[in-house]
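Trainee: here are the coordinates; sequence isn't available:
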């Protein structure tokens, strides 16, 4: 086995296992018998497609973040925004998709999935408000359905977030700012019984610019213990999060234009919610002469109580249209996987295989009509047990001197069991299985240039309540398939650039709509686009990145869909950022994000307004262990919309419903000042 193959093996093992790099160090050293290889953690490791990469802690340090989930905007082409109170999951957009609150983009933190199936507010609901950005050591992202290890919700992509095992010094951070913002964070680690105990505690409060203050308060905590030897590592983590907030939901433009409410006003100040997430997880890794064996397991207790009003008086002119969504569940799951060197018909290869399991015991997922958070009537109330088992195999083969081939196969089996208290006819049990083959080629490198060809099948599950409905049941597992051609170049010192052309198709499906308690048909669709991602470090203290993405989403059967455009599908994204990590005691970052116009209805007669935001971070080291940082969001105070829809609603003074643009204004310029003390 030659040095080039061993280097490739080391890169893959480093990407899949914290035991072999990708931790807190900018330069991580990996040892294989007789060989020492150093890899820059900021560099993109040897890829199997042009749409994957890694993000290090260094890239996040000087990034101004209005919300925790915005760390995902390090994934080129991905947009994170909000249509309601900040205590609920964000809205996500990527590759021609409006991902709603997370459907079709899979996320994990410390090996635990954060997407929630059969959720009260939307399939794949992905609330990342418990995330502490300062703890992140690495984000590994992949785009497209080309990876055997990624299953449900990963058709457009996935992001795996790793927390640090230890910190070199403790951190006490105190922040205050506009609209009543305040935050206190303490992180530290110390040696204990031959291992490392790390803890982080966060308190957060923010009113926001809203006429009815948000009063978003969250408590967040992480404790982990890590112990490792030359060939073994284990880590146990406990996390706890609780949030409470009042919400200003999106409102019809006519309510603002008429002066009924101000730009930051609310039509139902009783909207809002509470949520919690408590988890315990463990992981174990063992290394031998051929590879790595990894095991992980987790248990999560989750709850949400959410009050929303999106149509106001359209359905109930007397009580209004506020509804309560309740979700209470326990999640059990884990994974066993193996990555090793192997031979595939005489060729050197890296073989990965594993089994994943997850069970959601949903004690109650319910929808009811309310007024000022007071019960009016039941719509649905269900108990659900949803189980999923996935097995995968992937072979990365050194087929020739400059040709690598990736073969993959994944199989998933689901069981949906629903007991309905309100609509008893919709109770039932359904099982389904699906196979997803994958294929990829890498050609090169020639002059620091590689070419990628990828294709694969993926899927996403539907809400169990829709799957077991007596009439018009939803398809349990919906097929997706995609293909991509890309090129990566590193010929300019310090510059990594990648260009990709991609397409994806999704089959016809029936999707359960948690806001209405029914199923809504969407036709088969086709999406395609182009992405260009650049990352440049011309000096050790300076980082420049620039990404652009264009997408096109169309229904394949416009006649049945009511038009050819997929509403809310993202079309254009541009992101440019510059960061100074430490220059004579100064640090900071400047970021521009352009979120392009998109179709709001199937005929494309109504479109959203584009938005451009610029955020700034600037700081100064006051002493060896003390620094002061200033974050300015929406630097030029642009009047933008975080989100924009087009549908029918009714105001209290109106005799009938009116179809209008529904908007949630972006926040005006705001400032936060942080004092950071390291000890």
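Mentor: That came through fine. Please read all numbers here as calculations on a predicted model, not as lab measurements.

Trainee: which residues of the stretch 151-300 of the chain fall in helices?
Mentor: 253-257 (DSSP state H, counting those that start in this stretch).

Trainee: hmm, I was thinking of the chain
Mentor: 3-16, 57-61, 253-257, 464-467, 558-561 (DSSP state H).

Trainee: of the ones you listed, which shows the lowest average pLDDT?
Mentor: Per-stretch mean pLDDT for the helices of the chain is lowest at helix 3-16 (a mean of 49).

Trainee: where does the stretch 401-550 of the chain have low pLDDT?
Mentor: 509-521 (pLDDT under 70).

Trainee: er, the chain I mean
Mentor: 1-45, 509-521.

Trainee: center of it, which residue is that?
Mentor: residue 107 (4.9 Å; Cα atoms, centre = their mean).

Trainee: which other helices and strands does the strand of greatest length in the chain contact?
Mentor: The longest strand of the chain (DSSP state E) is strand 374-400. In this structure, strand 374-400 packs against helix 3-16, strand 323-344, strand 347-371, strand 403-420, helix 464-467, with contacts taken as 3 or more Cβ pairs under 8 Å, 6 or more residues apart in numbering; DSSP states H and E. Heads up, the C-betas are built off the backbone N, CA and C, glycines and all.

Trainee: any chance of JSON lines for those, columns mean neighbour count?
Mentor: Conversion of the helices and strands packed on strand 374-400 to JSON lines gives the following (neighbours: other Cβ atoms under 10 Å):
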{"stretch": "helix 3-16", "mean neighbour count": "19"}
{"stretch": "strand 323-344", "mean neighbour count": "19"}
{"stretch": "strand 347-371", "mean neighbour count": "19"}
{"stretch": "strand 403-420", "mean neighbour count": "20"}
{"stretch": "helix 464-467", "mean neighbour count": "28"}
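
Trainee: closest one to residue 581 among those?
Mentor: helix 3-16 (22.5 Å; Cβ to Cβ).

Trainee: at which residues are the strands of the stretch 51-200 of the chain located?
Mentor: 52-56, 79-81, 91-94, 97-98, 105-109, 112-113, 115-116, 125-126, 136-143, 157-163, 171-177, 182-192, 195-206 (DSSP state E, counting those that start in this stretch).

Trainee: closest to residue 478 out of these?
Mentor: strand 97-98 (13.2 Å).

Trainee: so how far is the closest one off the chain centroid?
Mentor: 13 Å (Cα atoms, centre = their mean, to the nearest Å).

Trainee: quick check: closest non-adjacent residue to residue 434.
Mentor: residue 477 (4.6 Å; Cβ to Cβ, 6 or more residues apart in numbering).

Trainee: how about residue 527?
Mentor: For residue 527, the closest residue by Cβ to Cβ, 6+ apart turns out to be residue 96, at 3.6 Å.

Trainee: so the one you found sits against residue 549, correct?
Mentor: No - with contact defined as Cβ atoms under 8 Å, residue 96 does not reach residue 549; the gap is 9.2 Å.

Trainee: can you list residues touching both of the two?
Mentor: By the contact definition Cβ atoms under 8 Å, 6 or more residues apart in numbering, residue 96 and residue 549 are jointly contacted by residue 529.

Trainee: number of residues surrounding the residue nearest to residue 434?
Mentor: 20 (other Cβ atoms under 10 Å).

Trainee: residue 231 too?
Mentor: When neighbours are counted by other Cβ under 10 Å, residue 231 comes out with 12.

Trainee: wait, doesn't it sit right on residue 285?
Mentor: No - counting by Cβ under 8 Å, residue 231 sits too far from residue 285 to count as a contact (9.1 Å).

Trainee: measure how buried residue 471 is and give me the count.
Mentor: So residue 471, with other Cβ under 10 Å, has 8 neighbours.

Trainee: please name the bridge partners of the residue nearest to the centre of the chain.
Mentor: residue 159 (DSSP bridges).

Trainee: so who does the nearest residue to residue 163 once chain neighbours are set aside touch?
Mentor: Using Cβ to Cβ, 6+ apart and skipping residues adjacent in sequence, the residue nearest residue 163 is residue 135, 4.6 Å away. The contact partners of residue 135, by Cβ under 8 Å, 6+ apart, come to 163-164, 187, 200, 222.

Trainee: could you dump the residues you listed into TSV with neighbour count and distance to residue 472 added?
Mentor: Below are those laid out as TSV (neighbours: other Cβ atoms under 10 Å; distance: Cβ to Cβ, whole Å):
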residue	neighbour count	distance to residue 472
163	22	43
164	22	48
187	21	50
200	22	47
222	23	43
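
Trainee: of those residues, closest to residue 385?
Mentor: Distances from residue 385 to the contacts of residue 135, taken by Cβ to Cβ, are shortest for residue 222, at 29.2 Å.

Trainee: measure the closest one to residue 621 for me?
Mentor: Residue 222 is 27 Å from residue 621, where distance means Cβ to Cβ, to the nearest Å.

Trainee: who does the residue nearest to residue 635 when sequence neighbours are not counted bridge with?
Mentor: Leaving aside its sequence neighbours, residue 635 sits nearest to residue 614 (Cβ to Cβ, 6+ apart; 4.4 Å). On the basis of DSSP bridges, residue 614 is bridged to residue 592.

Trainee: surely residue 614 meets residue 590?
Mentor: Yes - between residue 614 and residue 590 there is a contact at 7.1 Å, judged by Cβ under 8 Å.

Trainee: return the residues in contact with residue 266.
Mentor: Going by Cβ under 8 Å, 6+ apart, the list of residues near residue 266 reads 210-212, 248-249, 251.

Trainee: circling back to that earlier point, partner residues bridging the residue nearest to residue 434?
Mentor: residue 461.

Trainee: contacting residues for it?
Mentor: Contacts of residue 477 (Cβ under 8 Å, 6+ apart): 412, 414, 432-434, 459-462.
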